[in-house]
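Undergrad: Predicted model, plus sequence, below.
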Amino acid sequence: MIFAICSCKGNPDSGYNEKMAHLFQSCTEKLDESYGKLLDGEYDVDKSESSYEMKLNEARALSSYIKGIKCEAAQLRPTKTAEGFHVATIAYMTQIVDGYGALLIKYIDEQKKGARKSLLREITDEKARIVALADECFAHQMAFLHQAGIKVDKEIRK
């Protein structure tokens, strides 16, 4: 997770930055939470277990949540200066839903250990692609903040 805290007095781009950064952070936290559960084996359930439907619904809810956040982000109207940041962030959110979310659902639904192991590798690769997209978002955000004249007071890297 990468997030910038800015000194944004009187700049019309500052509200956009704050809102988009918040939406981005929310997606990142949900993704990291889900990935942690995956690595801890919480999604390794048999269809015969009562928790199977619950875990499947949890994976679907993640995708639904990110879709909602993406819709909210897409409704924000960036200035020309913020376009790169906007496009990169929407692409990041899309990849979580279309890539990670779809693979996670397949993982939970799959019952063969070998196939699950293969899907886990795919999910790990997908997570790495998403992290690279997050880095791109951060680079676009920093360029946007610089062009908009918004001073970055502090960087937090997690």
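TA: Right, received. Where do you want to start?
Undergrad: mind listing the strands for the chain?
TA: Counting by DSSP state E, one finds strands in the chain at the ranges 2-7, 151-157.
Undergrad: I'd assumed Gly15 was in contact with Ala148.
TA: No - assessed by C-beta atoms under 8 Å, Ala148 is found out of contact with Gly15, at 11.3 Å. Heads up, the C-betas are built off the backbone N, CA and C, glycines and all.
Undergrad: the more surrounded of those two?
TA: The residue with more neighbours, out of Ala148 and Gly15, is Ala148; 20 against 11, by other C-beta atoms under 10 Å.
Undergrad: Select the helix or strand of this protein having the lowest average pLDDT value.
TA: Using mean pLDDT, DSSP states H and E, the weakest-scoring helix or strand in the chain turns out to be strand 2-7, at a mean of 45.
Undergrad: measure Phe85 to Leu56 for me?
TA: Phe85 is 34 Å from Leu56, where distance means C-beta to C-beta, to the nearest Å.
Undergrad: out of these two, which sits in the busier spot?
TA: Between Phe85 and Leu56, Phe85 has the larger neighbour count (other C-beta under 10 Å), namely 28 against 17.
Undergrad: Tell me the backbone dihedrals of the residue in the chain sticking out farthest from the centre, please.
TA: Here the chain reaches farthest from its C-alpha mean at Ser48, the gap being 31.0 Å by C-alpha atoms, centre = their mean. Ser48 adopts backbone torsions of phi -80, psi -20, taken as degrees, to the nearest 10.
Undergrad: what separates it from Asp40, distance-wise?
TA: According to C-beta to C-beta, Ser48 stands 21 Å off from Asp40.
Undergrad: what about Glu29, how many neighbours?
TA: Glu29: 12 surrounding residues under other C-beta under 10 Å.
Undergrad: same question, the one 5 residues further on
TA: By the criterion of other C-beta under 10 Å, Ser34 has 25 neighbours.
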